[in-house]
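**Student:** Here is a sequence with its predicted model. Questions after.
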Amino acid sequence: PWRLLLLAWLSLLGTAQPARGSWGSWGPWTSCSSSCGDGVALRTRRCLRTTEEEPCTGDPRQYRLCQLQGCPSGSVPFRAMQCSLYDNKPVLGTSARYRWVPFHGAPNLCDLNCLAEGHNFYYSFGRVLDGTRCGPGSPDLCVGGRCLSVGCDGILGSGPRPDTCGHCGSSHSSCLFVHRLFQGTDPSFGYFGYMNVTKIPAGATHIKVTDKSRNYLALMTSDGRYVLNGDRSIAWPGPYEAAGTRLTYTRAPDGTESLEAPGPTDQDLHVMVPAPPRGSPQPPQPWACCCRRGPGGGSGGIRSPPCPLNGCGFVPAGRCGRCRPAKGRSQRIQHFCQSDF
């Protein structure tokens, strides 16, 4: 019997948990810590508990990112401004005076580590002010001496990150992966000289379009404005802005094109292909290195040779000339060749 009583007592002892207090409502946000650029705002809450209750779990303070208008051109960076406050003031227990600039090689990113200009030592003046960037180019901010990342909800240290579709804190459940392969057999039936390939809907993210044909990719917004290769003109590879996102258009030497954008798009985009009139030849391709001299002095012409990137490139048709004769039997020379090859 005593064993049963002992077990029952231990069981009851294990289930008895002291009560904890509960949090009150959050107070209002403070003003932003900075007058321009990025800063932080703070709000607090109180733990409501009796003397017998345990303290509340969690943080009584919460910080959020406040982004104001950009600072004027030529403004001193926030960390550099804090270091400059100690210029020409005695430090290190001596009368020596220095000018101070930020030092980013110290272990604690949220200490005000400043390097003495013209000298090989730095000094830590304590913590940086709240809202200081943890480092050059870092998206994270220092708060209370800690380096905190900014969640997609704007709260520092909260943790939520955008999913593949850009939704904050979601588990990709709202995302739909779309993969399509287009194979057109007769592009001459395109309207206004263009064949519609597909529509990229508004809100799309992680966009990638690849074309390995001899045609050119064209891109048009929902209001009928061409972004790439429209109105029978060929666009240069590079970055473009459209539908609220940044597009990167590339074209490889073999004619392969790709179009990538992070999104999300704020309007529909139409991927199209210019359609040449029925029976017309394909548009002329740029000339490339295509001729090689062999050891015996003979020449052979090829359309698509392997071509080193640093030695060859595309040139206008008018600049292509005939292959020059080789000066030695063992010499190999690459040239821009004429169409008779």
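**Tutor:** Arrived safely, thanks for sending.

**Student:** quick one, strands of the stretch 51-200 of the chain?
**Tutor:** 61-67, 100-102, 111-116, 122-127, 132-133, 141-143, 146-148, 194-200 (DSSP state E, counting those that start in this stretch).

**Student:** Report the residue ranges of every domain in the protein.
**Tutor:** 78-129, 187-274, 284-341 (automatic domain parsing).

**Student:** shaky segments in the chain?
**Tutor:** Scanning the chain for pLDDT under 70 picks out 1-18, 169-174, 184-192, 275-341.

**Student:** Find the residue at the geometric middle of it.
**Tutor:** Averaging the C-alpha coordinates of the chain gives a centre point, and the residue nearest to it by Cα atoms, centre = their mean is Pro262 (7.9 Å).

**Student:** who's in contact with the closest residue to it other than its chain neighbours?
**Tutor:** Among residues not flanking Pro262 along the chain, Thr245 sits closest, at 6.2 Å (Cβ to Cβ, 6 or more residues apart in numbering). All C-beta atoms are positioned from the backbone trio N, CA, C, and that covers glycine. For Thr245, the contact set (Cβ atoms under 8 Å, 6 or more residues apart in numbering) comprises 207, 261-266.

**Student:** Take the residues you listed and keep only those in strands.
**Tutor:** 207, 261 (DSSP state E).

**Student:** most surrounded residue in the contacts of Thr245?
**Tutor:** Greatest neighbour count in the contacts of Thr245, by other Cβ atoms under 10 Å, goes to Ala261: 26 neighbours.

**Student:** how about that one, what does it touch?
**Tutor:** Going by Cβ under 8 Å, 6+ apart, the list of residues near Ala261 reads 207, 245-248.

**Student:** give me that answer again for 6 Å
**Tutor:** 207, 245, 247 (Cβ atoms under 6 Å, 6 or more residues apart in numbering).

**Student:** Look up phi and psi at Pro237.
**Tutor:** Backbone torsions for Pro237, taken as degrees, to the nearest 10, come to phi -60, psi 150.

**Student:** State the number of residues packed around it.
**Tutor:** 13.

**Student:** these two touch, right, it and Thr248?
**Tutor:** No: the criterion here is Cβ atoms under 6 Å, and Pro237 misses it with Thr248 at 8.5 Å.

**Student:** I'd like the distance between the residue nearest to Pro162 when sequence neighbours are not counted and Cys165.
**Tutor:** Closest residue to Pro162 apart from its sequence neighbours, by Cβ to Cβ, 6+ apart: Cys152 at 4.7 Å. As judged by Cβ to Cβ, to the nearest Å, Cys152 and Cys165 stand 12 Å apart.

**Student:** ranges for the strands of the stretch 201-341 of the chain?
**Tutor:** Using DSSP E, counting those that start in this stretch, strands in the stretch 201-341 of the chain cover 207-211, 218-221, 226-228, 238-242, 245-251, 257-261, 269-274, 289-293, 299-301, 334-336.
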